[in-house]
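> For reference, the sequence and a predicted model appear below.
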Amino acid sequence: MTETDVVVLGSGAAGLAAALTAAVRGAAVTVLEGSPLFGGTSAVSGGGMWLPGNTLDPSWTDSLAGAKVYLQRLGMGLVSEAVIDRFLAESGQIPDFFAANSPLTFTADIGRPDYHAPWEGSSLTSRTVFPTPYELPRLGALEPLVRRPGPGGILPIQHSEEQELAASDDPDAINK
């Protein structure tokens with residue numbers, strides 16, 4: 001029988017982030033995965049995270065007050081102010097935590113707007129971060145067990161590319 005302090009269900013980004021956080025704080029962690037592969041939705045979505053207050057774009061300073069207004073509208077009154085405040089206090093530190101405690105690093109997607117760019121408090125850049133490419137062969141025997149994205153999907157685009165696409169009748173306009 002294995003002794004553990006924390007059991008995490010699922011090996012997606014949220015589960016593995018929780019497992020890493022618990023392990024860094026000294027807990028013995030067990031991750032249980034029902035699939036034969038590691039990785040959840042983030043494995044097929046690109047792993048982007050919306051992290052207001054991150055410091056990955058040195059030429060940009062976020063407005064957490066603006067992000068709060070944006071989140072309050074997005075939450076439609078269903079999310080408590082305490083939860084929003086805690087998220088805003090912690091979210092910008094996530095890339096630094098991963099960099100300090102794992103081989104994973106992130107970059108800001110400069111030019112990617114918030115999903116609802118016209119809303120008050122939104123930003124036209126740098127709140128969305130993506131993991132930098134990781135050399136899967138470093139995982140050794142575990143490499144074939146990592147879920148890979150399937151064919152199709154939409155690549156991340158910048159705000160200027162989104163505007164080009166919206167102004168065009170050609171759905172492949174940004175790929176030319």
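Perfect, thanks for sending it.
> Pretty sure L142 sits against S11.
No. Between L142 and S11 there is no contact under Cβ atoms under 8 Å: 11.0 Å. Where C-beta positions appear, they are placed from N, C-alpha and C, glycine not excepted.
> Looking only at neighbour counts, state which of these two leads.
Taking neighbours as other Cβ atoms under 10 Å, L142 and S11 compare with S11 leading, 22 against 10.
> where does that one land on pLDDT?
With respect to pLDDT, S11 has a value of 94.
> re earlier: check the contact lists of L142 and S11 and give me the overlap.
Residues within reach of L142 and of S11 at once, by Cβ atoms under 8 Å, 6 or more residues apart in numbering, are F38.
> Check which residues of stretch 65-79 are buried.
Residues 66-71, 74 are the ones in stretch 65-79 that count as buried (16 or more other Cβ atoms under 10 Å).
> just stretch 41-48 next, same as before
Residues of stretch 41-48 classed as buried: 42-43, 47-48 (neighbour count, 16+ other Cβ under 10 Å).
> State the distance from S11 to A18.
Computed as Cβ to Cβ, to the nearest Å, the S11 to A18 distance reads 11 Å.
> one step back: what's the most distant pair in the buried residues of stretch 65-79?
G66 and L74 (12.5 Å; Cβ to Cβ).
> Identify the contacts common to these two.
With Cβ under 8 Å, 6+ apart, G66 and L74 have no common neighbours.
> Which helix or strand in this structure has the lowest average pLDDT?
Ranked by mean pLDDT, DSSP states H and E, the weakest helix or strand in the chain is helix 159-167, scoring a mean of 64.
> residue contacts, L32?
7-10.
> scratch that, L71 is what I was asking about
79, 84, 87-88, 121.
> what's the answer for T125, then?
57, 60, 108, 110-113, 159.
> between the residues you listed, which is closest to S168?
Of those, the one sitting nearest to S168 (Cβ to Cβ) turns out to be H159, at 15.0 Å.
> related to what we said a few turns ago, could the contacts of L71 go into a markdown table alongside pLDDT?
A markdown table is the format used below for these (pLDDT from 0 to 100):
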| residue | pLDDT |
| --- | --- |
| V79 | 96 |
| I84 | 98 |
| F87 | 97 |
| L88 | 98 |
| G121 | 97 |
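> From the residues you listed, list the buried ones, please.
Among the contacts of L71, those scoring as buried are 84, 87-88, 121 (criterion: 16+ other Cβ under 10 Å).
> who touches the most centrally placed residue in the chain in this structure?
Geometric centre of the chain, nearest residue: M49, 1.9 Å, by Cα atoms, centre = their mean. Shown in contact with M49 (Cβ under 8 Å, 6+ apart): 13, 94, 106, 128-130.
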